[in-house]
Structure formats: C-alpha cells, structure tokens
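Chemist: here's my sequence, what's the structure:
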Amino acid sequence: MIKAVFFDIDGTLVSFNTHKVPESTMKAFELLHEKGIKTFVATGRHPSIMSLGNNLDQLKFDGYVTLNGQYCFNDKEIIYKNSISPEDIKNLIEFLKDYPHPCGFVEGDGGMYINHINDNVKAVLDAVNLPMLPIKDVSRALENEVFQLNPYVSPEEEHIFMNALKNCEATRWNPLFLDVIPAGGGKHVAVEKVREYYGFSKEETMAFGDGGNDITMLSNVGIGVAMGNANDDVKEIADYVTDTVDNDGIFKALKHFSII
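Modeler: Coordinates of the predicted model:
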C-alpha cells in the first residue's frame, strides 16, 4: 500500500507551457490526502522559489525535498541537509576567475545568487517563469553553506567545469546548465531520509518525475513514474510511463495503480 508520494515540480507538477498545476493534479492531491497518503515535493528548486511563477501554493505538502535532495524539511524541522565541501567551493571560485561562465550558488536560508548573467541564464529562467538571480560577489560562499551549484555550461564543456569539483557530481534536465551537488547525493538520498523519518518502507513510496535529476529517485521507490514529457533516459528506468503534465499524467497514473 502506498503511503507517500514524491513529486518533481517543473515538467511534473507544473507545466512548462502554462506554468500552472493542472486542475486534475489538484483533484488528485485532494483524493490522496482524503486517503491519508502523504505528499512531498522533490525538486531542484530552492525553498524560496518553489511557488514563484506558478500556482504550487494551492497544493498541500507534508514535506519538502529541495535542492535535489540536499535540503529536506517539514513544517517542524530540517530532516536532512548535505552541503558542498569548502574545498570544492574554494577551487570553484579560483576556477571562475579564469573560466568566467555564469554559475549560480544556492545556499539554505541565504538564498540564491550568481556571478553574472548571459543569454543562457535568461533562457533557462524564462523557461520556468522565474525572475533573474541577483548578481553578488560569490566569495561569500567561502563563509556560508552551499548546497547546490548551477553552472551554465554545455554538455561538451561539462567535464572542464567538473574537474574543479572533485567531491561533487552533476545531473541536468536542461542542455544549458547543470545541477551540481555533493558526490553521493541526490533526490533518492533525501527520499530515503524521509522514509526513515516517517517509518515508511521503500515499497510504500511512489515518485513522479521527468528530468535527469529524477532518475535516482524513480529507481529507489516502490513505483517510479515518468511523465509522458520526460526525457527518454527517465522513461527507460521508470516502472510506468504516464501521460504528459498537460494531459493529466499524474491523475491518470494514480488511477492506473488504484491509489485514488
């Protein structure tokens, strides 16, 4: 019996076309909570921007897996956090002096900032209907916990950038930029921490996603569902491929498995 469901945001709960949560998904959430099934966000987004540019605040969540699993909490407390090593932050800041690509820095309570902005940054933020990041002196990261980095580099340039981050790993859901997190991290780690916190077994959990940063999560729950608009590599590892976010994919999958 499924007791908890984890949902990615962009391309899963929220449409890239409308920047809205479909009415069918809102209904699905009502039915899940009526049955006592807990619902969790599982996103690469920072907590401060989860509902920016969309209507996600109309949904009820029991907890939040944010920053690709590096910062996880509920209304009472932080369940789990995992920051990037100070050594890697120091190396990155030196690296950016000679290789000045845009790179976003994501702290916990300190928010998000970037070294500079170009057309790729604008394109990515426009795609998810978010405002521009503030430009700040990234040396502040030497004094604060950083949970995620977002370098705006192509797949061909990725290895050059990652050479500066020996204790990190990268995933991407967009060809224009990376989500960089501590090595061994990921949404699946935080999902496991949530399971331990609430006493759920793996078989009692389900997850929905569409991007490369969802693969480990979908592979480490009882039922992993790829959206119809998901990347091919996500569909390949999923237990089930549903319809697109715009065609009621979440509602249809929950009905398919008789969860609602």
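
Chemist: counting neighbours, what do you get for the residue nearest to residue 44 when sequence neighbours are not counted?
Modeler: In space, and not counting its chain neighbours, residue 44 is closest to residue 68: 4.7 Å by CB to CB, 6 or more residues apart in numbering. Every C-beta, even on glycine, is put in place using the N, C-alpha and C of the backbone. Residues lying near residue 68 (other CB atoms under 10 Å) number 30.

Chemist: is it true that residue 68 lies in a helix?
Modeler: Yes. Counting by DSSP: H, G, I helix; E, B strand; the rest coil, residue 68 is located in a helix.

Chemist: my guess is it meets residue 171, correct?
Modeler: Yes. The pair residue 68 and residue 171 passes the contact test of CB atoms under 8 Å, sitting 7.2 Å apart.

Chemist: who touches both of these two?
Modeler: Taking CB atoms under 8 Å, 6 or more residues apart in numbering as the criterion, residue 68 and residue 171 both touch 179, 181, 186, 213.

Chemist: inside strands: which ones of the residues you listed?
Modeler: Counting by DSSP state E, the part of the shared contacts of residue 68 and residue 171 found in strands is 179, 181.

Chemist: of all the shared contacts of residue 68 and residue 171, which two lie farthest apart?
Modeler: Farthest apart among the shared contacts of residue 68 and residue 171 by CB to CB are 179 and 186. That separation is 9.6 Å.

Chemist: shared neighbours of those two, anything?
Modeler: 68, 171, 213.

Chemist: so how many other residues sit close to the second one?
Modeler: When neighbours are defined as other CB under 10 Å, residue 171 has 19 of them.

Chemist: same question, the last one
Modeler: The tally of other residues near residue 213 (other CB under 10 Å) stands at 24.

Chemist: just the pLDDT for the residue lying farthest from the centre of the chain.
Modeler: Note on the chain: the largest C-alpha distance from the chain mean falls to residue 98, namely 29.4 Å (CA atoms, centre = their mean). pLDDT, residue 98: 89.

Chemist: may I have the phi/psi pair for it?
Modeler: Taking degrees, to the nearest 10, you get phi -100, psi -10 for the backbone angles of residue 98.

Chemist: how near is it to residue 161?
Modeler: 12 Å (CB to CB, to the nearest Å).

Chemist: please, where are all the strands along the stretch 101-250 of the chain?
Modeler: Applying DSSP state E, counting those that start in this stretch to the stretch 101-250 of the chain gives strands spanning 103-107, 112-114, 146-151, 168-174, 177-182, 205-209, 223-226, 240-241.
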